[in-house]
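A.B. asks: no FASTA, just this:
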């Protein structure tokens, strides 16, 4: 199973094509639009989210509410395109004064502008920033929503929340169930389970915005219901935790990833890190703890998967850092595009989508997946085999 995305931040639309979905998966546009709306929320978002009302259009691969087994094509229109038709037009045209004025020659520190321009030879770095923009995560969330629908049909649930923003750390994170975590996160402006910490996070965002600055944070994604043995210890490129790490760090502005206790393991003895194995007739093999975050040897253990990602502060600042104009080589304040003072709450939704995709891809890649009904039977059989092994 794979997908490709296409589209620029201020172009006509964003598109994704998903290949490898089993036939017979129930799917409607609303299954996707719910997550697109979640991505647009969050305390600290900028004006762009007031313009866009993201809605997915399914144009291929689904008939009468079910996937056909053929590629699924999704499109999300960019409402802001109407203000950028001249600057971002598709057809060739003669440059005029307005286009020259809007040319980006001052790369922003922390962005792809300069190195992308060097790589592809773009003297107008708008050609870089339009595609490297986090706007692309819109269709990554759309693809993730499709993956979540597949996982849910198999009894696998995925949720996310924010653990930290701007140095403010959530202390009360002992949720009763995944549904409890999901409900509290969805009700919070910063998607934080800890109400007291959430208030302090919003204050930190306000302070950063007042200074013309930005702040980052840590998000956590939890998945339950994965059968044991998904992934592989045999080949490095089939280790599922490695694939999840790749997926998380591939999200715009993410710079770190950990599972379970994560970097805390460096400060503990082995007896305080590894999860003791127990067995019961009702549940089969389980663990007394889940310090390894649901993985051993690159494979799922059947315990909840717990993965965290670190998001750096967004580099587009209203008090811009120094840069160098590529035309004159003179120092200037970096160009400013519309930006958020904090996008961590929205990023948790993107991380949730990225994790869901990798889990779904691993399931489809490991088990028979041409038909949804047979895939369900196969996954259930794997759970039962793991219980009785």
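C.D. replies: Structure's in. What do you need? Because the structure is predicted, anything quoted here is derived from the model rather than measured. Numbering: from 1, shown residues only.
A.B. asks: from here on, contacts and neighbour counts on C-alpha atoms
C.D. replies: Fine.
A.B. asks: all helices of this protein, in order?
C.D. replies: Here the chain has its helices, by DSSP state H, at 29-40, 48-51, 97-101, 113-120, 126-132, 137-153, 178-187, 195-210, 240-249, 344-366, 372-388.
A.B. asks: mind giving me JSON lines with the ones you listed and columns for mean pLDDT and distance to residue 299?
C.D. replies: As requested, the helices of the chain are arranged in JSON lines below (pLDDT from 0 to 100; distance: least, CA to CA, whole Å):
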{"stretch": "helix 29-40", "mean pLDDT": "96", "distance to residue 299": "28"}
{"stretch": "helix 48-51", "mean pLDDT": "60", "distance to residue 299": "38"}
{"stretch": "helix 97-101", "mean pLDDT": "62", "distance to residue 299": "52"}
{"stretch": "helix 113-120", "mean pLDDT": "97", "distance to residue 299": "36"}
{"stretch": "helix 126-132", "mean pLDDT": "95", "distance to residue 299": "32"}
{"stretch": "helix 137-153", "mean pLDDT": "98", "distance to residue 299": "17"}
{"stretch": "helix 178-187", "mean pLDDT": "96", "distance to residue 299": "22"}
{"stretch": "helix 195-210", "mean pLDDT": "95", "distance to residue 299": "34"}
{"stretch": "helix 240-249", "mean pLDDT": "98", "distance to residue 299": "6"}
{"stretch": "helix 344-366", "mean pLDDT": "97", "distance to residue 299": "10"}
{"stretch": "helix 372-388", "mean pLDDT": "95", "distance to residue 299": "13"}
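A.B. asks: now these in TSV, with mean neighbour count and distance to residue 276?
C.D. replies: Formatted as TSV, the helices of the chain follow (neighbours: other CA atoms under 10 Å; distance: least, CA to CA, whole Å):
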stretch	mean neighbour count	distance to residue 276
helix 29-40	19	37
helix 48-51	13	46
helix 97-101	10	64
helix 113-120	16	47
helix 126-132	20	44
helix 137-153	24	28
helix 178-187	16	23
helix 195-210	18	33
helix 240-249	20	20
helix 344-366	26	24
helix 372-388	16	16
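A.B. asks: output the ones you listed in JSON lines, with distance to residue 162 appended to each entry.
C.D. replies: Below are those laid out as JSON lines (distance: least, CA to CA, whole Å):
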{"stretch": "helix 29-40", "distance to residue 162": "13"}
{"stretch": "helix 48-51", "distance to residue 162": "20"}
{"stretch": "helix 97-101", "distance to residue 162": "40"}
{"stretch": "helix 113-120", "distance to residue 162": "29"}
{"stretch": "helix 126-132", "distance to residue 162": "24"}
{"stretch": "helix 137-153", "distance to residue 162": "17"}
{"stretch": "helix 178-187", "distance to residue 162": "8"}
{"stretch": "helix 195-210", "distance to residue 162": "9"}
{"stretch": "helix 240-249", "distance to residue 162": "14"}
{"stretch": "helix 344-366", "distance to residue 162": "6"}
{"stretch": "helix 372-388", "distance to residue 162": "31"}
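A.B. asks: which of these sits closest to residue 90?
C.D. replies: helix 126-132 (12.2 Å; CA to CA).
A.B. asks: now do the same for the closest residue to residue 314 other than its chain neighbours: its pLDDT.
C.D. replies: Nearest non-adjacent residue to residue 314, counting by CA to CA, 6 or more residues apart in numbering: residue 214, 5.9 Å away. Among the per-residue scores, residue 214 holds a pLDDT of 91.
A.B. asks: how many other residues sit next to residue 214?
C.D. replies: 27 (other CA atoms under 10 Å).
A.B. asks: wait, isn't it in contact with residue 313?
C.D. replies: Yes - using CA atoms under 8 Å, residue 214 is in contact with residue 313, at 5.3 Å.
A.B. asks: now for those two: what residues contact both?
C.D. replies: Common neighbours of residue 214 and residue 313 (criterion: CA atoms under 8 Å, 6 or more residues apart in numbering): residue 342.
A.B. asks: residue 226 and residue 137: what is the separation?
C.D. replies: Distance, residue 226 to residue 137, by CA to CA, to the nearest Å: 25 Å.
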